[in-house]
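In: What shape does this take:
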Amino acid sequence: MNRPVKFPDEISKELNPIVGRIANRLLNQSGKQGVAVGGNQWEIIQEILDFAASAEQQINEQRNRIVMLENLCMTDELTGLLNRRGLEKQLDNLLARSDRHDECGIIGYLDLDGFKEINDTHGHEIGDEVLRRLSRILGNSIRNTDFAARRGGDEFVILMSQCNIEHGLARLDALADAINSTHFNINGISISPKVSLGKRVFGSKEDKRNIISAADFSMYQEKTRRKKTIDQLQRL
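Out: Next up, the predicted model:
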């Protein structure tokens, strides 16, 4: 018994070039109106369609694996935030957006004060947990359009766009104040993390390395100022 079969005008060659050529040849022979086929022919056609579906599934799985690997390459393993590579990619994207829409962005550079002493006193496991908890605070404090990254060690970066500059800078100050008022209890050990914050407003025509370096320098100026203030208070 013959069965009428109707094919779409074209099977995407992105799935499989061979399947695409075979399907289109069948369509041309049938005048793209349908074709009556017998048992063996129907089995062959069914195999072709099954192969196309399998090829599509394999390609989708491969794409998902590629996306997963790309995400792993841009994610800090300890904290789940962006790593240095992910930070630079998102900064590139923000610079491109700033160029298209004539916008400014803000970068905040945070460094955890006295982190070496935490590791030396309590061990690296406690130190790692401090970094993880600090990262959660950063991740929960930003908008969907912002990005948080661990650039390395105890240094973190916030990227902000699509915001009022004055409000954005104030938000960074509020975030640093919130962290400096936080207390962690880790396995019975009380730790009060302190961070120094550097801020930098940037535009579309700037070099990303200069932007990061400027924010880093601003952070070290703030760290130096904070240290002098603490030293003065201790001498009183």
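
In: Where does the prediction get shaky in the protein?
Out: 1-46, 48-49, 52-53, 55, 61-62, 64-72 (pLDDT under 70).

In: Can you tell me which residue is spatially central in it?
Out: What sits nearest the mean C-alpha location of the chain, by C-alpha atoms, centre = their mean, is Leu82, with 5.3 Å.

In: Just list whatever residues bridge to that residue.
Out: Thr75, Ala149 (DSSP bridges).

In: so it sits right up against Arg150, yeah?
Out: Yes. Counting by C-beta atoms under 8 Å, Leu82 does reach Arg150; the two are 7.4 Å apart. For every residue, glycine as well, the C-beta is placed using N, CA and C.

In: and for these two, which residues touch both?
Out: In terms of C-beta atoms under 8 Å, 6 or more residues apart in numbering, Leu82 and Arg150 are both contacted by the residues Asp76.

In: and the residue nearest to the centre of the chain, what does it touch?
Out: 74-76, 90, 147-150.

In: can we see that at 6 Å?
Out: Residues in contact with Leu82 (C-beta atoms under 6 Å, 6 or more residues apart in numbering) are 74, 147, 149.

In: again with Asp113
Out: By C-beta under 6 Å, 6+ apart, the neighbours of Asp113 are 194, 196.

In: OK, contacts around Leu78?
Out: So Leu78 contacts nothing (C-beta under 6 Å, 6+ apart).

In: What distance do you get for it to Ser54?
Out: 39 Å (C-beta to C-beta, to the nearest Å).
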